[in-house]
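1. Only the shape, not the letters, is given here:
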């Protein structure tokens, strides 16, 4: 259990939290959401003991093992291999392994000088047993297997395991950091934006991995796919406080809007009351006969607690796209045998041919390093193919938003100059008006682009698109610096965009929302697929099943003896049926431990729900009786605790029951 009680924290004069309180129960799966800079990562630092509070307390039950994915790497030796770096997740395991080896060496030493006495031997054997038990409990005997599986799931090849860690790019190094965090099997797992450096296949792998995690999960993410599929509770960090929502992402989004409306109405009422009180004070401040009433109003004004409307809920979407003024031809662009190489020796891809039609909404998907960004640059005309050609259709005006902001927008240029260069026909007033419509006001127009935050860079990139008015949009990871509101606003804008769209994104929900056609890039090449992302995934699963079936059925071609075939058919059928029953029995045996565990969890949850509901009914009856000596405040506090615990236990029951239903259906 993690308990925050009246916690305040600030950096200099900037408040981050003011009297924030919340509780995370053991085994809960919690998503942390809120605007950038609201203090989400700070909460993780407090839990992990890396930061202290300015007021209030943070307490953890027992001594849990904590796994914390930071946004920076652990120290490493320059000679570390990828596998060695990833396996150093738990220093305790390294200590235990060396201690076990040392004791075994002492016990097997045949020299008279170092041979232990019988007393020492008993002590060493006891110590060895304790170390081996702890080593096994921490997963030491299978850690290498788990590390290799996790590295493979996140896109590393087996040949990468022995490569030096320093040879990998920053993004791939962060994947190894994620593996370190996952394989240590912590009691509390703190993940800070784990999908930032991942591609779509890796995001889906980590979702499957975390679905099986049994500890307490706290996840900071703007990725709705991960939040929706993994989290059953949401903590919103905004307006210097923390609000708990006892439901998943969709529940949070609904309730947040309702809460925002309620808070807004309450704030409007409070502001009117403040104005009335202040007018009375100002009117009668120097009237002797009203002095007592004025003082009373002053105290009333001081006691009014300010109602703060969360910024996350009140921010409107700010991303807009221009209406397409110039209609392109039926074929927007065509790739004909295109290939690209940076050194004329190692090819990113070759022999790529496909058409992009007017109105197509295409997503480029695949592992990082396969060439998605390179292909998007070719489609935008920012690079020339090494071989083959890229042909633009009639009246095509491309607009490109690069993953690397400085690649398309110089860091030393002002915002004003960026838009002016996009369309020199715009007047100065037009430029200022356009910047204002994307939330850049006043002197913001003359700031250099290099000082902009991630969200501001995205806004400027789309303001420039608005000035260019393209009819072909190529967007490379446009959601990277956007929060939940920004991503939804971008989706809405793209869904109403009437031009042609090509996107690269690792956001599953975003790709589902905007793409109607998929181009997959993998080691087998570049393959267009006519269908949305869910159709594409279904096709991949179906193809994989067919390949596996083909491998099972395919045998060396030999002459067939029909008479012998007939005579053995019955026996073959019996054997097939027997094998099938055996396979099913083995599958049930594998699932039984998990099924039994789920049934025990369901029974325990139902027993706890019954006990809580019984206590709730008794306390409600006591309140209704209104007897003398009843401690109404204590009963109401207990009822509030019961209500919170009931919501938590019900959620845990639903999770276990749903998982059991799926297992039994399978």
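-> Perfect, thanks for sending it. Not measured: the values here are computed from a predicted model. Residues are numbered from 1 along each chain as shown.
2. so where's the stretch 501-650 of the chain uncertain?
-> Across the stretch 501-650 of the chain, the ranges flagged by pLDDT under 70 are 542-594, 597, 624, 626, 628-629, 632-633, 636-637, 640, 644, 647-648.
3. all helices of it, in order?
-> 508-514, 533-553, 562-625, 632-665 (DSSP state H, counting those that start in this stretch).
4. How about the shortest one, which residues are buried there?
-> Applying a neighbour-count criterion of 16 or more other Cβ atoms under 10 Å, the buried positions in helix 508-514 are 508-511, 513-514. From N, CA and C alone the C-beta is placed, and that goes for glycine too.
5. So what touches that helix?
-> 200, 203-204, 223-225, 228, 361, 363, 365, 479, 487, 490-491, 494-495, 501, 503, 505, 532-534 (Cβ atoms under 8 Å, 6 or more residues apart in numbering).
6. what does stretch 456-469 rub up against?
-> Taking Cβ under 8 Å, 6+ apart as the rule, stretch 456-469 contacts 318-326, 397, 399, 401, 405, 408-409, 415, 418-419, 422-423, 426, 434-435, 437-440, 449, 452, 473, 478, 480-482, 486.
7. which of these count as buried?
-> The neighbour count (16+ other Cβ under 10 Å) marks 318-322, 324, 399, 401, 405, 408-409, 415, 418-419, 422, 426, 434-435, 438, 440, 449, 452, 473, 478, 480-482, 486 as buried among the contacts of stretch 456-469.
8. In helices only, show me those.
-> When helices are assigned by DSSP state H, the members of these inside them are 405, 408, 415, 418-419, 422, 434-435, 486.
9. Need the max-distance pair from those.
-> Farthest apart among those by Cβ to Cβ are 422 and 486. That separation is 21.5 Å.
10. mind listing what the nearest residue to residue 2 once chain neighbours are set aside touches?
-> Spatial nearest neighbour of residue 2, excluding adjacent residues (Cβ to Cβ, 6 or more residues apart in numbering): residue 24 at 4.2 Å. Residue 24 makes contact with 1-2, 30, 216, 218, 233, according to Cβ under 8 Å, 6+ apart.
11. which residues are in contact with stretch 371-388?
-> 199, 333, 335-341, 344, 347-353, 356, 364-366, 390, 392, 398, 400, 402-403, 408, 474, 476, 502, 504, 519, 521, 526.
12. Okay, buried residues for that stretch please.
-> Going by neighbour count (16+ other Cβ under 10 Å), the buried part of stretch 371-388 is 371-380, 385-386, 388.
13. can you list these in JSON lines and add distance to residue 88, secondary structure and pLDDT?
-> Shown next, in JSON lines, are those (distance: Cβ to Cβ, whole Å; DSSP: H, G, I helix; E, B strand; the rest coil; pLDDT from 0 to 100):
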{"residue": "371", "distance to residue 88": "32", "secondary structure": "coil", "pLDDT": "90"}
{"residue": "372", "distance to residue 88": "31", "secondary structure": "helix", "pLDDT": "92"}
{"residue": "373", "distance to residue 88": "31", "secondary structure": "helix", "pLDDT": "91"}
{"residue": "374", "distance to residue 88": "34", "secondary structure": "helix", "pLDDT": "92"}
{"residue": "375", "distance to residue 88": "36", "secondary structure": "helix", "pLDDT": "94"}
{"residue": "376", "distance to residue 88": "36", "secondary structure": "helix", "pLDDT": "93"}
{"residue": "377", "distance to residue 88": "37", "secondary structure": "helix", "pLDDT": "92"}
{"residue": "378", "distance to residue 88": "40", "secondary structure": "helix", "pLDDT": "94"}
{"residue": "379", "distance to residue 88": "42", "secondary structure": "helix", "pLDDT": "93"}
{"residue": "380", "distance to residue 88": "42", "secondary structure": "helix", "pLDDT": "91"}
{"residue": "385", "distance to residue 88": "43", "secondary structure": "coil", "pLDDT": "94"}
{"residue": "386", "distance to residue 88": "41", "secondary structure": "coil", "pLDDT": "94"}
{"residue": "388", "distance to residue 88": "45", "secondary structure": "strand", "pLDDT": "94"}
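14. With respect to residue 620, which of those residues is nearest?
-> Among the buried residues of stretch 371-388, residue 372 lies closest to residue 620 (Cβ to Cβ), at 58.9 Å.
15. coming back round to it: now tabulate the buried residues of stretch 371-388 in CSV and tack on distance to residue 630.
-> Below are the buried residues of stretch 371-388 laid out as CSV (distance: Cβ to Cβ, whole Å):
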residue, distance to residue 630
371, 72
372, 67
373, 68
374, 74
375, 72
376, 69
377, 73
378, 77
379, 73
380, 73
385, 82
386, 84
388, 84
